[in-house]
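Student: Let me see the structure of the following:
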Amino acid sequence: MTLNVDTNIKSAYTKTYPTDELGVEINPTITFTDLFYTLDRRGDVYECIGVDDSLVRERCFELLSKVMKCDYDYIYNQWLL
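Tutor: Below is the predicted model of the structure:
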């Protein structure tokens with residue numbers, strides 16, 4: 001699967017982590033653009049993703065860092081601010 005800003009996160013997540021049962025609970029409408037703008041606006045990442053689990057968040061951040069072609073730490077630090 002080719003990842004880009006318009007890729008559906010739930011589709012990318014469940015393909016990348018097929019054994020993670022929480023993947024099916026991810027918001028079916030969000031894209032990586034939505035997640036990026038949620039971080040940019042200091043919004044609630046868990047509400048955006050639709051799953052209140054830190055491992056799912058970390059994995060979504062990891063995928064987002066690939067889409068944005070940056071280090072995971074950049075995405076993580078954006079969340080911490």
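Student: List the contacts of the strand or helix carrying residue 62.
Tutor: Following DSSP states H and E, one finds residue 62 within helix 54-68. Identification of contacts with helix 54-68 by C-beta atoms under 8 Å, 6 or more residues apart in numbering yields 3-5, 7, 9, 12-13, 16-17, 20, 22-23, 26, 32, 35-36, 45-46, 49, 51, 71-72, 74-76, 79. In short, each C-beta sits where N, CA and C put it, glycine included.
Student: residue ranges of the strands in the protein, please?
Tutor: Along the chain, counting by DSSP state E, no stretch forms strands.
Student: Helices along that one, start to end?
Tutor: Shown for the chain, the helices assigned by DSSP state H span residues 9-16, 32-40, 45-49, 54-68, 72-80.
Student: Let's have the ones you listed in TSV, adding mean neighbour count and mean pLDDT.
Tutor: Shown next, in TSV, are the helices of the chain (neighbours: other C-beta atoms under 10 Å; pLDDT from 0 to 100):
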stretch	mean neighbour count	mean pLDDT
helix 9-16	19	98
helix 32-40	17	97
helix 45-49	17	98
helix 54-68	17	98
helix 72-80	13	96
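Student: Pull out the buried positions in stretch 2-11.
Tutor: Residues of stretch 2-11 classed as buried under the neighbour-count rule (16 or more other C-beta atoms under 10 Å) are 3, 7-10.
Student: Can you give me the first-to-last residue distance of that stretch?
Tutor: Stretch 2-11 has its terminal residues 11 Å apart, counting by C-alpha to C-alpha, to the nearest Å.
Student: Centre-most residue in this protein?
Tutor: With distances taken as C-alpha atoms, centre = their mean, residue 60 lies nearest the centre of the chain, 2.9 Å away.
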